[in-house]
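Asker: Fold the following for me, if possible:
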Amino acid sequence: MVWRAGARRFPVLAIRDFRLLLADRLLAPAAVAFSVVGVSFAVLDLTGSTADLSYVLAAQIAPALVFTLISGVVSDRVPPQRVIVAANVVIALSEGLLGVLVLSGAVRLWHMIVLETLTGVGMAALWPAMQSVLPKIVPDELLQQANAVSRLAMNGAQMGGAAVAGVVVAAVGPGWAMSVCGVGLLATVPMLLSIRASGHARTDETSALRDLRDGWSEFRSHTWLWTIVAQYCVVLMAWYGSFQVLGPPVAKDHLGGAAAWGAITSAEALGLIAGGVISLRFTPRRPLLLVVSIGAILAVSPLSLAMRWPLVAICLATAVLGVFLEIMMVQWSVTLTRNVPPEKLARVSAYDALGSVMAMPIGALVAGPLAAEIGLSATQYGAAALMVAVSSLALLPRDVRRMRSTDGGSAPSVPAASPSGS
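Answerer: The predicted structure is shown next:
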């Protein structure tokens, strides 16, 4: 069988539960890619307003402010794959219903806002559960390989899904794309329910509030952790508003429409795939220095749109950024997994996810109206400058600059002479 040949090269593929998780990470991102392209163009087709697009995409992110933390607590108590199942079902139902409304011609802006809020609930639950499930099914020495292979599968699926979604939206409209998303996510449920990973054994029962306090204490005890999360809080706010919200209007007006935006999304996924391949073997000596630097490099995304680069140049830049971004994500996931106690990993990951995305709704809400007031390019230039500035500040703590990875990709450690504070 093909997987047996692959297992000889990548031992993590010999683990049954990992293969089941890998199947979900192929199918689910491909399905979600249809929604990513479909929702933006459904809003633009309905109202033509960048401000309305801001409201819909902000509604998708806003639930993270509550449900990410809830997912972190639950995923440390129960088998995390069950949380992933629930999240996939919620997203499938909301996107599927929105697709039906668009196809019927009965959709209104408030329908989109309400249903994308429901989608956001599912998405908010995913990150802590996905982060905590791998250490339960994969031994420590295979964690980097498992992270790289699973993210490689996710990004390959996203690339293929986005490319097809752009064609589908251009050919038959966004309603069909969102309907495909719903069906695809429901198909992941049987595979996830077959995974045998269990929750952590608990010696005493504690309240959810106590669990959250314990997770917060662990999170804030690591200077490098909260510093980088604060950096990406601002970086992702600026990037999301200037690229994800304002990108489709630029594509529609200057690049050729939905097919062009699908091509840009696919180029990003292609870069992520290449970065995943590199991550199978590459471990930087200073992983956190790399993570912070890539936050500044991401400013190229809004700059490429603000300067109205040709579509080919934007796709090329987006692909290169995808390489850096994927290497960063693998190193961040491994660093987090190896430096946080496993029984607290889901909760710490929840604070990580919450802190990183909590300002993204602000970016989404501000980007459209600000672009309408001062112009698309001016808004994107400002976002790029902000991303570079905040990334420079994140280099101040010594832990960020000096934390190293030991040979062979084992746990990063701070040199003995380095204090753990700023």
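
Asker: Sketch out the low-pLDDT regions of the stretch 151-300 of the chain for me.
Answerer: For the stretch 151-300 of the chain, applying pLDDT under 70 flags the ranges 198-206.

Asker: mind checking how far stretch 152-159 is from the chain centre?
Answerer: With CA atoms, centre = their mean, to the nearest Å as the basis, stretch 152-159 stands 12 Å off its chain's centre.

Asker: and what of stretch 109-126?
Answerer: Computed by CA atoms, centre = their mean, the chain-centroid distance of stretch 109-126 equals 16 Å.

Asker: and that stretch, average pLDDT?
Answerer: Averaged across stretch 109-126, pLDDT comes to 87.

Asker: Can you name the residues in contact with that stretch?
Answerer: Residues from elsewhere that reach stretch 109-126 (CB atoms under 8 Å, 6 or more residues apart in numbering): 35, 39, 42-43, 46-47, 52, 55-57, 59-64, 66-68, 70-71, 83-84, 86-91, 93-95, 97-98, 101, 353. C-beta: built from backbone N, CA, C; applies to glycine.

Asker: Then stretch 272-285?
Answerer: Residues from elsewhere that reach stretch 272-285 (CB under 8 Å, 6+ apart): 10, 144-145, 147-149, 151-152, 155-156, 158-159, 290, 319, 322-327, 330-331, 404-405, 408-409.

Asker: Out of those, which sit inside helices?
Answerer: Per DSSP state H, helices hold the following members of the contacts of stretch 272-285: 144-145, 147-149, 151-152, 155-156, 158-159, 290, 319, 322-327, 330-331.

Asker: Drop anything exposed from the contacts of stretch 272-285.
Answerer: 10, 144-145, 147-149, 151-152, 155-156, 158-159, 290, 319, 322-327, 330-331, 404-405, 409 (16 or more other CB atoms under 10 Å).

Asker: Name the residue closest to the centre of the chain, please.
Answerer: residue 127 (7.9 Å; CA atoms, centre = their mean).

Asker: my read is residue 386 is in a strand, agree?
Answerer: No. Counting by DSSP: H, G, I helix; E, B strand; the rest coil, residue 386 is located in no strand; its state is helix.

Asker: Spatially nearest residue to it (excluding sequence neighbours)?
Answerer: residue 238 (4.8 Å; CB to CB, 6 or more residues apart in numbering).

Asker: Test my guess that that neighbour contacts residue 301.
Answerer: No. Using CB atoms under 8 Å, residue 238 is not in contact with residue 301; the gap is 9.8 Å.

Asker: quick one: which of the two has more around it?
Answerer: Shown here are residue 238 and residue 301; by other CB atoms under 10 Å, residue 238 has more neighbours (30 against 26).

Asker: Of the contacts of stretch 109-126, which belong to strands?
Answerer: Among those, no member falls in strands (DSSP state E).

Asker: Just the buried residues of the residues you listed.
Answerer: 35, 39, 42-43, 46-47, 52, 55-57, 59-64, 67-68, 70-71, 83-84, 86-91, 93-95, 97-98, 101, 353.

Asker: In helices only, show me those residues.
Answerer: Using DSSP H, the buried ones among the contacts of stretch 109-126 in helices are 35, 39, 42-43, 46, 52, 55-57, 59-61, 64, 67-68, 70-71, 83-84, 86-91, 93-95, 97-98, 101, 353.

Asker: where does the stretch 1-150 of the chain dip in pLDDT?
Answerer: Applying pLDDT under 70 to the stretch 1-150 of the chain flags the ranges 1-8, 64-65.

Asker: what sits against the residue nearest to the centre of the chain?
Answerer: Contacts of residue 127 were listed using CB under 8 Å, 6+ apart, and they are 68, 71, 349-350, 352-353.

Asker: what's the neighbour count on the closest residue to residue 256 other than its chain neighbours?
Answerer: With CB to CB, 6+ apart as the criterion, residue 256 has its nearest non-adjacent residue at 6.9 Å, and that residue is residue 311. By the criterion of other CB under 10 Å, residue 311 has 17 neighbours.

Asker: What distance do you get for residue 311 to residue 50?
Answerer: 20 Å (CB to CB, to the nearest Å).

Asker: Mind giving me the packing neighbours of the helix or strand hosting residue 373?
Answerer: Here residue 373, judged by DSSP states H and E, is contained in helix 360-374. Counting by 3 or more CB pairs under 8 Å, 6 or more residues apart in numbering; DSSP states H and E, the packing neighbours recorded for helix 360-374 are helix 50-61, helix 223-239, helix 376-393.

Asker: what about 10 Å?
Answerer: Where contact means 3 or more CB pairs under 10 Å, 6 or more residues apart in numbering; DSSP states H and E, helix 360-374 is packed against helix 50-61, helix 64-75, helix 223-239, helix 247-250, helix 376-393.

Asker: mind checking pLDDT for residue 422?
Answerer: Residue 422 is assigned 27 on the pLDDT scale.

Asker: for the stretch 101-250 of the chain, what spans make up the helices?
Answerer: Ranges of helices in the stretch 101-250 of the chain, per DSSP state H, counting those that start in this stretch, are 109-137, 143-172, 174-186, 189-193, 208-220, 223-239, 247-250.

Asker: follow-up on the earlier one: so what's the residue nearest to residue 386 up against?
Answerer: Contacts of residue 238 were listed using CB atoms under 10 Å, 6 or more residues apart in numbering, and they are 298-299, 301-302, 359-360, 362-363, 366-367, 379-380, 382-390.

Asker: Show the buried residues in these.
Answerer: 298-299, 301-302, 359-360, 362-363, 366-367, 379-380, 382-384, 386-387, 390.
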